[in-house]
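*Asks:* Could you look at this predicted model? Sequence included:
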Amino acid sequence: MPATLGLAIDLLCRPSITPEDAGCQEVLIARLEALGFRVERLRFGDVDNFWARLGEDEPLFAFAGHTDVVPPGPLEQWQSPPFTPELRDGFLYGRGAADMKGSLAAMITACERFLAAHPHPRGSIAFLITSDEEGVATDGTVKVIERLEARGEKIRWCLVGEPSCSTQLGDTIKNGRRGSLNGRLILRGVQGHVAYPHLAQNPIHAVGVILTTLTDEIWDQGHEFFPPTSFQISNLRSGTGADNVIPGDLEMLFNFRFSPATTVDQLQERTRLIVETALLNEEVKTGQVFQYVLEWRLSGPPYFTPPGDLVAAAAAAIRAEIGLEPQLSTTGGTSDGRFIAPTGAEVIELGPLNATIHKVNERVAIAELERLGRIYQGILSRLLTP
């Protein structure tokens, strides 16, 4: 059995639903210690992480990834059990096959082959692995980076193994991501009987103009490498469940995926003005005064790595292995790259196809796994060959 496939199967057998690691990291640690890596196990709260480094010299190249996976969803919809990996029709099936245990396996085998050919590489190689990427991401990569920063340990190049490709392995390198800002709006009215609306204040009626204005707003024109900032409502809750009661409160959850063309402060201030203007107009029109609360949670700022040594090495490795010219992209959700890039590191995301991630019957092509390992090896060779 090919080395990358065998390791991927071993990892997929372990039900590491976030933030559980289920022993995945010990499997990786054993392979890395056999290569001479010095490993630090770093547990924060309920989250297992590790930092492994081979060498003391600069430049430092780091692989980053996560062993945790999202829940499998309805088990009856899986063609085979999500944590019993199955080879079928040229694919490896299982939760985490693409996101991102397949990438972790490819990183390890790439490193093994590279060090067999170059036992004394230029600079150092490291692994930053967490079990807190698919969850709240508060005790994972961000905490490890804080530890590294405190002691002055700097990553120059970082490859995050997130599934980045759309239709063919190697077609996309993510060299940045949009920021993610979560908001919570609470409107407080007055509960009452639907037959006596003059004795109540309905926050559902008051939120209409707010919704329309927020969704129609053009927040920015985007950035050279980023699409325009987007606004989406993710949840809207109100009412008591009875059809004869005017609700007293409304809660709206929403999210901005924003480019570097707009700051967090600007998004918060413009949202506040839209809400206050709409409520003031409602007061003028109906005489009803609504109180509101706006709460914010920043998941991560946008980051961007301009084309440089790391992007060039990755593109060259893809051309050599696949014969394809990759596209640079900043689309998609957030990743742990948002915690690493602010340290000054060049960061890219490069992994398998993302078509089945977080879905039932998640899969990765067996041939794709082996080729991904060779691409990773090619990147190491281009950056760290003496």
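*Replies:* Right, received. Where do you want to start?
*Asks:* okay, CA-based contacts and neighbour counts for the rest of this
*Replies:* Will do.
*Asks:* can you count the residues close to Asp265?
*Replies:* Counted with other CA atoms under 10 Å, residues neighbouring Asp265 total 9.
*Asks:* swap in Asp216?
*Replies:* With other CA under 10 Å as criterion, Asp216 counts 10.
*Asks:* Use 11 as the first number for this chain going forward.
*Replies:* Sounds good: first residue 11 from here, last item Asp226.
*Asks:* doesn't Ser269 make contact with Phe236?
*Replies:* Yes - Phe236 is within contact range of Ser269, at 5.9 Å (criterion: CA atoms under 8 Å).
*Asks:* Need the overlap of contacts for the two.
*Replies:* Arg188 (CA atoms under 8 Å, 6 or more residues apart in numbering).
*Asks:* okay, these two: which has more neighbours?
*Replies:* Ser269 (29 against 20).
*Asks:* Can you name the residues that contact that one?
*Replies:* So Ser269 contacts Arg188, Gly189, Gly232, His233, Phe236, Pro237, Pro238, Thr239, Pro312 (CA under 8 Å, 6+ apart).
*Asks:* Backbone torsions only: list them for Gly310.
*Replies:* When quoted as degrees, to the nearest 10, the phi and psi of Gly310 stand at phi 170, psi 150.
*Asks:* where along the stretch 211-360 of the chain do the helices fall?
*Replies:* 213-226, 274-296, 319-332, 347-350 (DSSP state H, counting those that start in this stretch).
*Asks:* out of those helices, which comes closest to Pro257?
*Replies:* Closest to Pro257 of these is helix 213-226 (CA to CA; 7.1 Å).
*Asks:* Packing partners of the closest one?
*Replies:* strand 189-198, strand 240-248, strand 259-268, helix 274-296 (3 or more CA pairs under 8 Å, 6 or more residues apart in numbering; DSSP states H and E).
*Asks:* May I see the buried residues of it?
*Replies:* Pro213, Ile214, Ala216, Val217, Val219, Ile220, Leu224 (16 or more other CA atoms under 10 Å).
*Asks:* Is the third one in contact with Leu289, as I believe?
*Replies:* I take that to be Ala216. Yes - applying CA under 8 Å as the test, Ala216 and Leu289 come out as touching, 7.1 Å apart.
*Asks:* Export the helices of the stretch 211-360 of the chain as a markdown table, with columns for distance to Val357 and mean pLDDT.
*Replies:* Below are these laid out as a markdown table (distance: least, CA to CA, whole Å; pLDDT from 0 to 100):
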| stretch | distance to Val357 | mean pLDDT |
| --- | --- | --- |
| helix 213-226 | 32 | 95 |
| helix 274-296 | 22 | 96 |
| helix 319-332 | 8 | 98 |
| helix 347-350 | 7 | 94 |
